[in-house]
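Enquirer: A predicted structure for the sequence below; I have some questions about it.
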Amino acid sequence: MSTQETLTMIAFLLAPAFFSLLGMGAIGSPAIAVLGEMSAKTKKRVFFDKYGQQIGAMGLILLILLLVVDGAAYAVALTKFPQYIHALFTMESPLLNTFAAFGIFAFFSLIYFTMWKKMRNAKGLHMSLGMIASLAALTCVALAIPAKIAWTLSHGTPTNETILAATAMILPMSVMYALLTMSAAAALSASYLVLRRNKDDFGRDYYNFSLKLATRWATLPMLGFLGCQGWLFANLPASYKTLVMGTPLAFVWGGSIALGAICAFVWILIGRSESPLRLKGLTFLAVFLFWLMHTLNVTVAINLLTML
């Protein structure tokens, strides 16, 4: 693609990437929430549980939004491309297992998020619900990548090189997006904590603690995501690497990595601060940079898939 075509594609993807970011936050929320709940039990500190509860509240909002947006998109697509949509839900569809995993994730997440207070005296059972939701969410992401690649290959006549490239993409992309969902959930939770501070006033000590926790938990998977970028590029066949480096896609890919690194740097600043509440504005900056990074990353992923 030319530079103009690349910029146009990025512009068109900004809005979908924004809702995709919120969707990733919904998918990653059970894992972050149950991690907080488990930490409260092992470390005997109530702030972890309170943070997990707030993540659950945010996750419920994001999950409902995800279901509404996905439902609306499905309804529109069904009216315009009925045969294509029906084919996605046949027994032969490679995406069927992904949809099943998503259904399990949504079902158990709704129970987990809404029953936090009612199951306060049944923490073991409640955490089990959270772990099932988390496992289903990560399974959904892990299955979605190979399913999408298989769906792409099924609409053409792939060569041996194409099959080799597709196989090389599956594992790094699956791990990459699984990590990104957890980073998104933690990053969004930092901004959510700031927005809810005046309504859920749990004290300055709690918010200083939870902001540090949220930014640290956003940083670790982001660093893993950045590592997956090198893994993915290293796995590509030589011809694909040449094609990437000879087009504006190389700058898009580099921009995605740079923005991810800046996000991690901002979170580290907040996490190491003695008064993270004074840096609360940086939580929104990080989410904005995350959105731009995700837009560029989606652009790279789409271009790699179109090469197959």
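Expert: Yep, that arrived.

Enquirer: what about the residue nearest the centre of the chain, which helix or strand?
Expert: For the chain, the residue nearest the mean C-alpha position is Thr181 (2.4 Å; CA atoms, centre = their mean). For Thr181, the enclosing helix or strand under DSSP states H and E is helix 160-196.

Enquirer: what is the next helix or strand along the chain from that helix packed up against?
Expert: Once helix 160-196 ends, the next helix or strand along the chain (criterion: DSSP H and E) is helix 204-235. Under the contact definition 3 or more CB pairs under 8 Å, 6 or more residues apart in numbering; DSSP states H and E, helix 204-235 sits against helix 3-43, helix 46-80, helix 160-196, helix 249-272, helix 281-306. Where C-beta positions appear, they are placed from N, C-alpha and C, glycine not excepted.

Enquirer: let's see 7 Å
Expert: helix 46-80, helix 160-196, helix 249-272 (3 or more CB pairs under 7 Å, 6 or more residues apart in numbering; DSSP states H and E).

Enquirer: buried sites along the shortest one?
Expert: Going back to what we said before, that points to helix 249-272. Of all the residues in helix 249-272, those buried under the rule 16 or more other CB atoms under 10 Å are 249, 252-253, 255-257, 259-260, 262-264, 266-267, 270-271.

Enquirer: can you dump the C-alpha coordinates of it into PDB?
Expert: The C-alpha trace of helix 249-272 is given here as PDB (Å, rounded to 0.1, in the frame of the first residue of the first chain):
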ATOM      1  CA  LEU A 249       3.700  -0.900   7.000                       C
ATOM      2  CA  ALA A 250       7.200  -0.900   8.600                       C
ATOM      3  CA  PHE A 251       6.600   2.600  10.000                       C
ATOM      4  CA  VAL A 252       3.100   1.600  11.200                       C
ATOM      5  CA  TRP A 253       4.500  -1.400  12.900                       C
ATOM      6  CA  GLY A 254       7.400   0.600  14.400                       C
ATOM      7  CA  GLY A 255       4.800   3.300  15.600                       C
ATOM      8  CA  SER A 256       2.800   0.600  17.300                       C
ATOM      9  CA  ILE A 257       5.800  -0.600  19.200                       C
ATOM     10  CA  ALA A 258       6.900   2.900  20.100                       C
ATOM     11  CA  LEU A 259       3.400   3.900  21.400                       C
ATOM     12  CA  GLY A 260       3.300   0.700  23.500                       C
ATOM     13  CA  ALA A 261       6.600   1.500  25.000                       C
ATOM     14  CA  ILE A 262       5.500   5.000  25.800                       C
ATOM     15  CA  CYS A 263       2.300   3.600  27.500                       C
ATOM     16  CA  ALA A 264       4.500   1.300  29.700                       C
ATOM     17  CA  PHE A 265       6.800   4.300  30.500                       C
ATOM     18  CA  VAL A 266       3.800   6.400  31.600                       C
ATOM     19  CA  TRP A 267       2.500   3.600  33.800                       C
ATOM     20  CA  ILE A 268       5.900   3.000  35.400                       C
ATOM     21  CA  LEU A 269       6.000   6.700  36.300                       C
ATOM     22  CA  ILE A 270       2.600   6.400  38.000                       C
ATOM     23  CA  GLY A 271       3.400   3.100  39.600                       C
ATOM     24  CA  ARG A 272       6.700   4.400  41.100                       C
END
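
Enquirer: around Pro82, how many other residues sit close by?
Expert: When neighbours are defined as other CB atoms under 10 Å, Pro82 has 10 of them.
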